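> just the structure for this:
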Amino acid sequence: MTTTIEPPAKAPAPYEPDPVPAFREAASGTRPIPSGTSPEASGTPVEDEPTGTPEVSRKVKVALGIAAVVGGCVMGAIGFYLSFGNLSKAGHTVFGFSVDDGKFFAIGVDVAIVTCLLLDLFMATIRTSWPLLRFLAHVMTVASVYFNAAAFGSIKDHPDKALSHGLMPVLFVIGVEAGRRILVHQAALPADHDTIPGHRWLLAARPTWRIFKQMKLWDEGYAEAMGRLRERAIFDAWNEYKADLAKAGLEEGSEAALARLPKKLEPFGLTVDEALALPDRMAREELRRQQEAERRARDLELERERAEHQAEKERLAHRKEMASLTADLSATEGVAGAQARGAVAEAEARADAQARAASALSEAVESEEAAEAKKRAAEAKARAVEAEARAAEANAQKMAALAKTETDKAKALEGIHRAAEAEAGAAEAQKRAAEAREAAAQILRRAVEAEDAANFTPRQRRVRIVARMILAKSPEDVTLDEVATAIGVTSGSTASTTKADAVALIEAGYDPARGYDPEAASRTAA
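The predicted structure is shown next:
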C-alpha cells in the first residue's frame, strides 16, 4: 500500500467501491441472502416500516412555534421596556448624559443590538453571511448588560441587583439566536456552515488554528476542511497501526491485530464497527488508486503509439510523392530527348537528300547551275543544323525550367513534412512538460503534507519554498526579488537571509522529490 493521498479523480475508475461516508457502515461478516419471492408475489400489502424517531405532527409544531413567538415578543417587549428605563437612568446618573440624551442613549444601545441581529439574519437569507455582525451584536449585548447592571450602583456592592437588571437583555439575545437557528435549519442557509464553533477553540486551540488557516488560505468551508483533516488523521493513524503490527509481529487481518483498531481510532470518533471496517475500506481505496494508475499508463501508451503511427504515415506519404515526382521527371526528360534526336535525324536526312541531289546534278551537268545548286544545298544544310541547334537549346531550357519547378515542389513538400515533424515534436515536448509539471505538483504536494505533518513554523515553510525554487533553477538564477515575491515580504534583508537558509538546507540534504527533510527527521526522532 502506498503512503500518498491522491486527490479524487474526475473520471470514474473501472472499480467503484461503495461510498463510505465518514466510515458509517458496520463491519458485518455475513452477507444478506436475497429473498426468493418478489414484492409483487405477496398478496398482503406491505406497510411502511418505522425508519427512526417518530415525526412530530404539524399541529404540534405550529402550536409550539406560535407559543414561542408570542413568548419571545413578550420577553423582548419587557426586556426593552426595562432596559430603556435602566439605560436612561444610567446614561444620566452614571455616564453623564442629560435627561433627554440619556433616553437617546438607551434607544441607541437597544436598537444597535436589534439592527445587528436583523442584518445578520438578512445577510444569511441572501447567503452572504458576515460573522462580524453577530459578534458586534453580542458585544453590544454585553455592554447593555453592564449598563443595566451599573444603573443602580456598583456591581460589586449589589451583585443581586446587577444580575436582575442584566438578565433581560441576555434572555432577549438568546431568544433571537434560537430564532436564527430555526431559520438557518429550515431554509438550509450556509450561515453557520463556514464558521468554526467557539467550543472547538476551547477544546483544541492548536489544531483549530490549522483548520482556520487552511480555510482562509484555500477558500474552503469548515465542513470540507474538517473532512480533509479527519481523513488525513485517520490515514496517518492507519499507517502507524501497520507499523505497530510489523513491530509486534502480528499478521494484518488477524483477531489480535483487529482488536487494536478500535482503541487506535477512538480519538477520531470512530465506533467499533467503523474501526473494524477500516481495513476493507483502505484495501478498496488502494485497488482504486492502482486501477487509476494503470488506466493513465494505458492512455499514455496509446497516445504515444498514435503519434508514432501518424508520423510513420506522413513519412511514407512523403516518400511516395517524391518517387512519383522522380518518375514524372525521368519520363519528361526521356520524351524531350527523343524529340530532339528525331528533329536532328530528320534535318540530317533532308540535308543528305539535298546533298545527293546536288551531287547528282553536278555529276550530270558540270555547269554553273550545278554549282549554284550545290551552294544552295550547303546553305540549306547550314540552316537545318542551325534550326536543329535552336530546337535543342529550346528543349534544354524547357527541361531545365521543368526540372527546377519539380525541385521547388519537392522542396516545398519536404518543408511541409519537416513542419509536421516539428509540430509532432512540439506536441511531444508539451506532453513531457505536462508530465513534468504533474510530477512537480506531486512533489510539491508531498512536501506540503510533510511540512504539515512536521508542524513547521511559517519561517521554515518560507525557507522550503525558496529551497524548491533553487532546486528548480540554481542559486545564481534565483534573485532576491523573486524570493521576496515568493514568500510575500518586502524586506531585502529578510529575502537574503531566507535564501541563505534555503541554500544551507539544500546542502544538508533537503530533497522534496525523495521526501527527505533533515529537520523533519530530527523532529520525528525527538
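> only C-alpha atoms from now on, for both contacts and neighbour counts.
Fine.
> which stretches of the protein have low pLDDT?
1-54, 152-153, 187-194, 340, 355, 357-371, 373, 452-454, 521-526 (pLDDT under 70).
> repeat that with 50
Within the chain, the stretches with pLDDT under 50 are 1-50, 191-193, 524-526.
> now the strands for this protein?
Ranges of strands within the chain: none, based on DSSP state E.
> can you give me the helices for the stretch 101-250 of the chain?
131-149, 159-187, 198-203, 205-218, 222-248 (DSSP state H, counting those that start in this stretch).
> just name the most buried of those helices.
helix 131-149 (a mean of 19; mean count of other CA atoms under 10 Å).
> export the helices of the stretch 101-250 of the chain to JSON lines and append columns for distance to R446.
Shown next, in JSON lines, are the helices of the stretch 101-250 of the chain (distance: least, CA to CA, whole Å):
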{"stretch": "helix 131-149", "distance to R446": "34"}
{"stretch": "helix 159-187", "distance to R446": "39"}
{"stretch": "helix 198-203", "distance to R446": "28"}
{"stretch": "helix 205-218", "distance to R446": "16"}
{"stretch": "helix 222-248", "distance to R446": "13"}
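> ok, which of those comes nearest A331?
Across the helices of the stretch 101-250 of the chain, A331 has its closest neighbour in helix 205-218 (72.8 Å, CA to CA).
> starting at the chain centroid, how far to that closest one?
21 Å (CA atoms, centre = their mean, to the nearest Å).
> show me what that helix is packed against.
When contacts are defined as 3 or more CA pairs under 8 Å, 6 or more residues apart in numbering; DSSP states H and E, helix 205-218 packs onto helix 198-203, helix 222-248.
> and K264, which of those helices is closest to it?
Nearest to K264, of the helices and strands packed on helix 205-218 and by CA to CA, is helix 222-248 at 7.2 Å.
> chain center to that closest one: distance?
Centroid separation between helix 222-248 and its chain, computed with CA atoms, centre = their mean, is 24 Å.
> show me what that helix is packed up against.
So helix 222-248, by 3+ CA pairs under 8 Å, 6+ apart, packs with helix 205-218, helix 261-265.
> who wins for proximity to G492 among those helices?
helix 205-218 (24.8 Å).
> which outside residues touch the closest one?
Applying CA atoms under 8 Å, 6 or more residues apart in numbering, the contact partners of helix 205-218 are I196, R200, W201, E220, G221, Y222, A225, M226, L229.
> could the helices and strands packed on helix 205-218 go into JSON lines alongside distance to C73?
Formatted as JSON lines, the helices and strands packed on helix 205-218 follow (distance: least, CA to CA, whole Å):
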{"stretch": "helix 198-203", "distance to C73": "28"}
{"stretch": "helix 222-248", "distance to C73": "34"}
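> out of the helices of the stretch 101-250 of the chain, the one nearest Q430 is which?
Judged by CA to CA, the one of the helices of the stretch 101-250 of the chain that comes nearest to Q430 is helix 205-218, at 28.5 Å.
> so that closest one versus helix 222-248, what angle?
Going by axes from the mean of the first three to the mean of the last three CA atoms, to 10 degrees, helix 205-218 is angled at 120 degrees with respect to helix 222-248.
> kindly export helix 205-218 (C-alpha atoms) in PDB.
In PDB, the C-alpha atoms belonging to helix 205-218 read as follows (Å, rounded to 0.1, in the frame of the first residue of the first chain):
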ATOM      1  CA  ALA A 205      -6.900  25.500  20.000                       C
ATOM      2  CA  ARG A 206      -3.800  24.500  18.100                       C
ATOM      3  CA  PRO A 207      -5.500  22.100  15.600                       C
ATOM      4  CA  THR A 208      -8.300  24.600  15.200                       C
ATOM      5  CA  TRP A 209      -5.800  27.300  14.200                       C
ATOM      6  CA  ARG A 210      -4.600  25.000  11.400                       C
ATOM      7  CA  ILE A 211      -8.200  24.400  10.200                       C
ATOM      8  CA  PHE A 212      -8.800  28.200  10.300                       C
ATOM      9  CA  LYS A 213      -5.600  28.800   8.300                       C
ATOM     10  CA  GLN A 214      -6.500  26.200   5.700                       C
ATOM     11  CA  MET A 215     -10.000  27.700   5.300                       C
ATOM     12  CA  LYS A 216      -8.700  31.200   4.700                       C
ATOM     13  CA  LEU A 217      -5.700  30.200   2.500                       C
ATOM     14  CA  TRP A 218      -7.600  27.800   0.300                       C
END
